[in-house]
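Visitor: Take a look and give me a structure for this.
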Amino acid sequence: MRRSGLLLLIYWFFFSPLILTAQTDSLRLGLALSGGGAKGLAHIGVLQALEEHGIYPKYLSGTSIGAIIGAYYAAGYSPQAIAQIFRSMDFDRFMTDELPRRYLPLYIKENGRDAFFYFPVNTRNFSLSLPRGLTHYQLFYNRLFKDLFNIQYLKSFDSLPVPVRFVATDLVHGKSIIFSKGSIPQAVIASSAFPSIVAPVKIDQILYTDGGIFNNFPVDIVRRMGAGYIIGSDVQGTLYNENQLTDIPKIIDQITAFYIYSENPDKIKQTDLYIRPNVSGFGVTDFNRTDTLIKRGYEATIKYQAILQKLSGKSPKPTRLHPGHPDSLYFSKIIIQSDTFIDRDHLLWKTGFKEKKKISYQQFEAGINYLYGTGDYLQILYSILHGDTLVIQPVTNPVRAKFKTGFRYSPLYKINILAGITFRRPFNRSGIADFELILGDPIQYRFSYIRDNGYHFGYGFSSDLNQLIRSVPYKIMLPDVPDPSFNNLDLHWNEWSNRIFFLVTFPTQMNLKAGFEHKQVRMFTTVFSQPDKNQKFFFEKQHFFTAFVDFYYDDLDNFYFPSNGIKIALRGNNFFDLNRPTPGTSFQTAVLTIEAHKQHRKVSASYILQAGFSTDKVSAAHRFYFGGIERDLKNIHIIPFFSRDYFNLSALSYIRFQPQLHFKWKKNHHFYTGLQGILLEKPTPKRFHTYLPYYNIYWRYGFKSFFGPIFVSYALEPGSKKQYFNFTLGFYF
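Guide: Numbers count the residues shown, from 1 in each chain. Predicted structure coming up:
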């Protein structure tokens, strides 16, 4: 018995390599890539080590991050190319679906409303509800479609040099789904829709979520594809211990992980080579640690050096595809598929797509982004069939109302809290109604309704109440009073405005408005009043009827911290004073602003040029006032001039210029230095004859915080030695 055992051992030692060789020659090699979030970047290192040893999978299956990396590999990307792609990806933007600002509608861009906190509202009972996820993966889908363009739609995934399968979960019916044909980008985002982070993905009327819920390590699938020798790369986590179950997300994760990990021992037994990279200590969102994770995958693979050498050369290298996308696209037919009514003409206008018209790939991407930026759709999936048939599958956003809020502190308004609600499609499919209440001292409000019909004329109306209380130098309001007994007076400024207008939008960055406005203005002080009487002395107490024209172009990349782009704003007003006895008495104002930014690496140079004009009969409320750091306020002409307090200077016309350098440090830190100069018209019998120059040098620090941008500013006027320090926190409203 001992002799037979010894002979068996000798036989195995000398002939097992031949057995392995026979197996790998006759049994095709399969690779299964598990899910695991960012930890799955270790799969890239596994692929790199396999290829270095001449080992290439004949079949490949993946779940979640395994599906993503598997799709790139099947499209012809080398492990090194995949690694470079992941290094370049902005996962923070993907996780929030933060579109580049240029694709947002103008009514949002103009006032920085995209930065507020928004919460879905159930319009049946007007209660707040939570979103399905932090992201709908739209930007990530756009990136996948571009990178995987050469394989973006296939009748069968078996037609690839490396046949693939991707696993997702049918969220409604609770079953595992295997994608083997159709749109690969759609299959990938369905497989990788990580619960609670990524909202479920709707494809062909089926709601999908992460495939890892039922099959996070798809070894069985690659075996069913025909693989005889299976390599499994497993980056799954482990169950938490009692001390680690410290919050609700971890408890939910633990509950969902019971089923996932219960099957793992059986899955491991099905592999012929089980690779387990050391990814302990890494989270599912640690995409900023790409190189470290790739290294962990590589090191875990080369530990099996003896097995790798035996496998080397036994699996033929498949034909590698050439990934890429064309410079231009041509669509002979455009099909829109949706389970709800979609205004085809409006959708095509938003995208700029036309049948039988050639467009650049860049224009194609921009068109999808413009459509998504409207907020009318949760997801916009698309594919190109038969070479030139574009199929767009927009998923209509069922949320028709959102509650918004924000906080702000500034020296001008002190502490303000905004509470508002935005309604989509309140009266028609292209309408937006918006109401904002600003709580502070004093209270303000904004209301607007816009129907944007694109190139066709749209219309809208708005109403707002702007109020402020400020201590200002008496010479600003009472220039003819010689040396009074006080230096400052309390200025109360109230403006109630109601407008109706028509508009036409050209590209999404530009529109033109023309309309009429009724305005009631009250400007007064109580400085002349006895303490117990609080009597008001009015500088202005008038009703005005106004005809106005607005031109607005905005291509800036950021509202608060712009580094690239151009903004041009022009507003002209013709005011009729309804209280003055002389019929036809009127005055005019106009303001032109040109703002340009250009970035080079971490430094951007910018220039602001602004000019304001008013005629002789202008009222006190429509003069131009200078000081502080607030952006130009609606209807109240306070022009920023950093070295002076608010309402420190005044003029009937002016020219302002502001060259600036902007330094980005790390991610959310911004440093500015620049020069501000203004030329203020001096009151003389002859208009526009004499201008007084003022200038300052300033330094600013800006930080993008959770509660809104923070700005700390210091400015100095070298000539007069005047200086001013300013601090603001929160969103502009």
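Visitor: So which bits of stretch 42-50 are buried?
Guide: By 16 or more other C-beta atoms under 10 Å, the buried positions in stretch 42-50 come out as 42-50. Quick note: C-beta positions are derived from backbone N, CA and C, even for glycine.
Visitor: now do stretch 88-96
Guide: So stretch 88-96, judged by 16+ other C-beta under 10 Å, has buried residues 89, 94-95.
Visitor: related to what we said a few turns ago, from the buried residues of stretch 42-50, which land in helices?
Guide: 42-50 (DSSP state H).
Visitor: returning to what we had before: I'd like the buried residues of stretch 42-50 as JSON lines, with pLDDT appended.
Guide: Shown next, in JSON lines, are the buried residues of stretch 42-50 (pLDDT from 0 to 100):
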{"residue": "A42", "pLDDT": "96"}
{"residue": "H43", "pLDDT": "97"}
{"residue": "I44", "pLDDT": "97"}
{"residue": "G45", "pLDDT": "96"}
{"residue": "V46", "pLDDT": "97"}
{"residue": "L47", "pLDDT": "97"}
{"residue": "Q48", "pLDDT": "97"}
{"residue": "A49", "pLDDT": "96"}
{"residue": "L50", "pLDDT": "96"}
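Visitor: helices and strands around whichever strand or helix holds S604, which ones?
Guide: Here S604, judged by DSSP states H and E, is contained in strand 603-614. In this structure, strand 603-614 packs against strand 586-600, strand 654-665, with contacts taken as 3 or more C-beta pairs under 8 Å, 6 or more residues apart in numbering; DSSP states H and E.
Visitor: Let's have the ones in helices among the buried residues of stretch 42-50 in JSON lines, adding distance to S705.
Guide: Converted to JSON lines, those look like this (distance: C-beta to C-beta, whole Å):
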{"residue": "A42", "distance to S705": "34"}
{"residue": "H43", "distance to S705": "36"}
{"residue": "I44", "distance to S705": "34"}
{"residue": "G45", "distance to S705": "36"}
{"residue": "V46", "distance to S705": "40"}
{"residue": "L47", "distance to S705": "40"}
{"residue": "Q48", "distance to S705": "39"}
{"residue": "A49", "distance to S705": "43"}
{"residue": "L50", "distance to S705": "45"}
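Visitor: Closest one to N573 out of those residues, please.
Guide: Comparing those against N573 with C-beta to C-beta places I44 closest, at 60.0 Å.
Visitor: What's the separation between the closest residue to R289 other than its chain neighbours and A620?
Guide: Leaving aside its sequence neighbours, R289 sits nearest to F282 (C-beta to C-beta, 6 or more residues apart in numbering; 6.6 Å). The gap separating F282 from A620 is 64 Å, by C-beta to C-beta, to the nearest Å.
Visitor: Give the residue from these two that has the larger number of neighbours.
Guide: More crowded of F282 and A620, by other C-beta atoms under 10 Å: F282, with 21 against 16.
Visitor: follow-up on the earlier one: closest one to T271 among the helices and strands packed on strand 603-614?
Guide: With C-beta to C-beta as the criterion, T271 lies closest to strand 654-665 of the helices and strands packed on strand 603-614, at 46.7 Å.
Visitor: Extract the CA atoms of the helix or strand following the closest one and return them as PDB.
Guide: Toward the C-terminus, strand 654-665 is succeeded by strand 669-681 as the next helix or strand (DSSP H and E). What follows is strand 669-681, C-alpha atoms only, in PDB (Å, rounded to 0.1, in the frame of the first residue of the first chain):
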ATOM      1  CA  HIS A 669      -9.200  76.500  -2.300                       C
ATOM      2  CA  HIS A 670      -8.900  79.600  -4.500                       C
ATOM      3  CA  PHE A 671      -6.600  82.600  -4.200                       C
ATOM      4  CA  TYR A 672      -7.100  85.900  -6.100                       C
ATOM      5  CA  THR A 673      -5.100  89.000  -6.600                       C
ATOM      6  CA  GLY A 674      -6.000  91.800  -8.900                       C
ATOM      7  CA  LEU A 675      -6.700  95.500  -9.500                       C
ATOM      8  CA  GLN A 676     -10.000  97.300  -9.600                       C
ATOM      9  CA  GLY A 677     -10.300 100.700 -11.300                       C
ATOM     10  CA  ILE A 678     -13.300 102.900 -11.800                       C
ATOM     11  CA  LEU A 679     -13.900 106.100 -13.500                       C
ATOM     12  CA  LEU A 680     -16.800 108.000 -12.000                       C
ATOM     13  CA  GLU A 681     -18.500 110.900 -13.800                       C
END
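Visitor: other SSEs contacting strand 669-681?
Guide: Strand 669-681 sits against strand 649-651, strand 654-665, strand 691-705, with contacts defined as 3+ C-beta pairs under 8 Å, 6+ apart.
Visitor: Report the rounded mean pLDDT for that strand.
Guide: Per-residue pLDDT values over strand 669-681 give a mean of 97.
Visitor: where's it relative to the chain centroid, distance-wise?
Guide: 28 Å (C-alpha atoms, centre = their mean, to the nearest Å).
Visitor: Partner strands of the helix or strand following the strand holding S604 and their direction?
Guide: Next in sequence after strand 603-614, counting helices and strands by DSSP H and E, comes strand 624-626. Each strand paired with strand 624-626, and its direction, by DSSP bridges: strand 638-639 (parallel), strand 649-651 (antiparallel).
Visitor: What is the distance between strand 624-626 and the centre of its chain?
Guide: Mean C-alpha position of strand 624-626 versus that of the full chain (C-alpha atoms, centre = their mean) differs by 34 Å.
Visitor: Ok, stretch 297-308 next?
Guide: Relative to its chain's centre, stretch 297-308 lies at 41 Å (C-alpha atoms, centre = their mean).
Visitor: now what about that stretch, what contacts it?
Guide: Outside stretch 297-308, the residues within contact range by C-beta atoms under 8 Å, 6 or more residues apart in numbering are 41-46, 48-50, 53, 55, 233, 235, 273, 275-278.
Visitor: which intervals of the stretch 351-500 of the chain have sub-threshold pLDDT?
Guide: Applying pLDDT under 70 to the stretch 351-500 of the chain flags residues 454-455.
Visitor: Which stretches in it count as helices?
Guide: Counting by DSSP state H, counting those that start in this stretch, the stretch 351-500 of the chain has helices at residues 361-373, 474-477.
Visitor: got those helices as JSON lines, with distance to G460 and mean neighbour count columns?
Guide: Listed next are these as JSON lines, based on distance: least, C-beta to C-beta, whole Å; neighbours: other C-beta atoms under 10 Å:
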{"stretch": "helix 361-373", "distance to G460": "19", "mean neighbour count": "20"}
{"stretch": "helix 474-477", "distance to G460": "34", "mean neighbour count": "19"}
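Visitor: Take those and write them to a markdown table, including distance to S61.
Guide: Formatted as a markdown table, the helices of the stretch 351-500 of the chain follow (distance: least, C-beta to C-beta, whole Å):
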| stretch | distance to S61 |
| --- | --- |
| helix 361-373 | 30 |
| helix 474-477 | 74 |
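Visitor: so which of those helices gets nearest H322?
Guide: helix 361-373 (16.2 Å).
Visitor: Excluding its own residues, what touches the closest one? List them.
Guide: Helix 361-373 is contacted from outside by 99-100, 103-105, 138, 142, 146, 325-329, 347, 350-353, 359, 377, 380, 382, 394, 508, using C-beta under 8 Å, 6+ apart.
Visitor: For ChimeraX, what selects the buried ones among those residues?
Guide: In ChimeraX, this line selects whichever of the contacts of helix 361-373 come out buried by 16+ other C-beta under 10 Å:
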select :99,103,104,105,138,142,146,329,347,350,351,352,353,359,377,380,382,394,508
